[in-house]
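**Q** model this:
(chains A and B)
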Amino acid sequence: MKRPAWHAISAVIVLLLGLLPQPGFALDHDNLDPNRPIGMEDAYAIPKGEIGMEGGVRFNDRREGRTRVTFQPQIIYGAFDNTQIEIQGDLMSDPHTLVGAAKSGDLHLGVLYNFNTETISLPAFAARVEVDLPTGVNSKGIDTQMTGILTRSFGRLRVHLNAGYTILGSPQGKERPGAYRAVAAVSYPLGYPTSFRDTLIASLYTRESDLRGRRNHTGFELGLRHQLSSRLVLDGGLGTEFAGPADRAALLGTIGLSVGF
Amino acid sequence: MMHHPSNRLRALAVLATVALALAGCSQFEPRDKRFYYRAFWNFALREDLAELDSEFNGVDFGHSNLYENLLLTGGKDVPAIEDRARKETLAFIATKPRLNPNEEAIAPTYMKLAWRAQNTFDEAHALHRATYDIMASDEPDKDHAIRNVLAYYQESAYAITAKRLDHHRLDQLPYSKTFRKRFPLFNATIWSYHYLQVAVYDPLQATRDLEAKTQAVRPILTTYHRYLEQPPVEWTFMPLTAELSPSFAARYPEIADIFDNLHMLHDNISDILASELLPTWDAKRAEIYRLVDSYYLASADGTNPMIVKDREQHH
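**A** Here you go, the predicted model:
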């Protein structure tokens, strides 16, 4: 990985650790949100009334091209029963070279609605609708994304399926006007029956490339969420893309922190 | 290439169809988790009386672990409950957990069977936690704070009735006492948790500073640990708030009744999960929900036949 990426990650880790508030169980490390730490989520919204502030740094060490670093600040709010709303604004290195829906500085608004809790015969289902407003560098048009989410448990092992489709409001050059993404993931609480602070997550994903005529990005990720205190969850993840275009990820990594209050 | 707006409409139609199909399913059930009452005194017990807080974290494990094991063993395997599951609980308590455990990881099957009952427990347990936090904090107007958290609790659709219920009638249902007769040690362990949960209110309320509160709850913790080592199998009924914390119960009779009703619901569900009279998971689920909806939730107050008319009645 290139030197600037390490500098950025180090700086954010120091910043996050410095901001640790006093221990004060609010945030649930078993409630899985996108990018915290890997690109998957479960079908559950945060509790009604909860506010969460999440942040992290993600690096993408590509097989071709420079390592890309993304800072991911996000606010989530349990606005209604079984509904969370999200505001996010990713900031990325080399913003002028980005293609696809994700542009540095775009204002991202999302709503996740959980239809039901899992029962003996029925998985939990949720739907997510997101829009990216073109507030970022080289960004045009409003991008829209819709995702269906399913969570089913088998004992303590939980299986999550995410399937989404992104529509670009104003595709530029060879950008695809629309692209699908599919993720199959599992999560498992580590430490039972004496400890309940850690959840291990693994996923396998494929998504259409940002540019037309290229192969799907296909890879896997592994992550861990650790409950630091009643209000704090620390997360970290690693991954790689084993198939895809020439500039696919050789190594993906994320570290982040979530605060619930 | 441009996407036609009809594509978006089609996607929305698919989502709406899925939603309607789910709503029509007999096991469709909303999750409805609600955040706790937000206040500066949140987690005061954890921060300032950690010794007591860690015991409550252990209690959280105990109920969920029992229900999961009763469900998975069919409620008939005495060694699995009295020996294995009980000792797992004691081992967890002995770790003095700093945080409360993830109950869905402890009882994944039970949570899928009876989520509505679990949500009812979660809301009442949050009320327990809030009242402890207020008493452990330096909140100047504790009385006002307690009445606010009670009001917040009662806004929930999952709030247990604040009316006194006829616990003896609720303990004479066809399957009642199955659990305590078959698993006397674990039953007495559960009642020991309930002893701890209600016995600490008066000492916490009567003392002003943290040092005094720490000293005041220590004898209760000693007694509680003695009960864990030698479960009080001679008890014939669950501990009641008014007997162990009479001042608290007199000052906050609604909260005392909510906690006693909560503990009675715990006993009812243990009996349902252990009883052969309800042989299938579907039958157990249906009976748990019947009880919760008809006898326990405050929303049934207008028609609940278990409400005691005379508040002076005692067990």
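
**Q** in the sheet, who's paired with A:Asp61?
**A** Taking DSSP bridges as the rule, A:Asp61 bridges to A:Leu251.

**Q** please give me every residue in contact with the residue lying closest to B:His167 once chain neighbours are set aside.
**A** Distances taken as Cβ to Cβ, 6 or more residues apart in numbering or on different chains place B:Met264 nearest to B:His167, at 4.9 Å, with adjacent residues excluded. To be clear about C-beta, it is placed using only N, CA and C from the backbone, and glycine gets the same treatment. Contacts for B:Met264 (Cβ atoms under 8 Å, 6 or more residues apart in numbering or on different chains) come out as B:165, B:167, B:170-171, B:238.

**Q** with A:Gln72 instead?
**A** A:35, A:54-58, A:88, A:90, A:256 are the contacts of A:Gln72 under Cβ under 8 Å, 6+ apart.

**Q** against chain B, how distant is it?
**A** 23 Å (Cβ to the nearest Cβ, to the nearest Å).

**Q** and the pLDDT for that residue?
**A** What the model reports as pLDDT for A:Gln72 is 90.

**Q** could you look up the SS state of the spatially closest residue to it that is not a sequence neighbour?
**A** Spatial nearest neighbour of A:Gln72, excluding adjacent residues (Cβ to Cβ, 6+ apart): A:Gly56 at 4.9 Å. The local conformation at A:Gly56, judged by DSSP: H, G, I helix; E, B strand; the rest coil, is strand.

**Q** what do you get for the one 3 residues further on?
**A** The local conformation at A:Phe59, judged by three-state DSSP, is strand.

**Q** and it, how many neighbours?
**A** Neighbour count for A:Phe59, taken as other Cβ atoms under 10 Å in any protein chain shown: 23.

**Q** next: the one 10 residues further on.
**A** By the criterion of other Cβ under 10 Å, A:Val69 has 24 neighbours.

**Q** confirm it sits in a strand?
**A** Yes. Per three-state DSSP, A:Val69 lies within a strand segment.

**Q** beta-bridge partners for it, please?
**A** Under the criterion used (DSSP bridges), A:Val69 bridges to A:Phe59.

**Q** how near is it to B:Asp32?
**A** With distances taken as Cβ to Cβ, to the nearest Å, A:Val69 is found 39 Å from B:Asp32.

**Q** who's in contact with residue 182?
**A** With no chain named, the answer covers chain A. Per Cβ under 8 Å, 6+ apart, neighbours of A:Ala182: A:161-164, A:205-207.

**Q** that's the wrong chain, I wanted chain B
**A** B:75-76, B:78, B:81, B:274.

**Q** which residue lies nearest the spatial centre of chain A?
**A** What sits nearest the mean C-alpha location of chain A, by Cα atoms, centre = their mean, is A:Asn35, with 2.0 Å.

**Q** what residues does the stretch 151-261 of chain A have near chain B?
**A** A:153, A:155-156, A:165, A:167, A:171, A:177-178, A:189, A:192-197, A:227, A:229-230, A:261 (Cβ under 8 Å from any Cβ of the partner chain).

**Q** among these, the buried ones, what's the PyMOL command?
**A** To isolate the buried ones among those in PyMOL, judged by 16 or more other Cβ atoms under 10 Å in any protein chain shown, type:
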select buried, chain A and resi 153+156+165+167+171+178+189+192+193+196+197+227+229+230
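
**Q** show me where chain A has helices.
**A** A:3-18 (DSSP state H).

**Q** listing request: residues of it with sub-threshold pLDDT.
**A** Within chain A, the stretches with pLDDT under 70 are A:1-29.

**Q** list the contacts of B:Lys33.
**A** Shown in contact with B:Lys33 (Cβ under 8 Å, 6+ apart): A:44, A:46-48, A:82, B:119, B:122.
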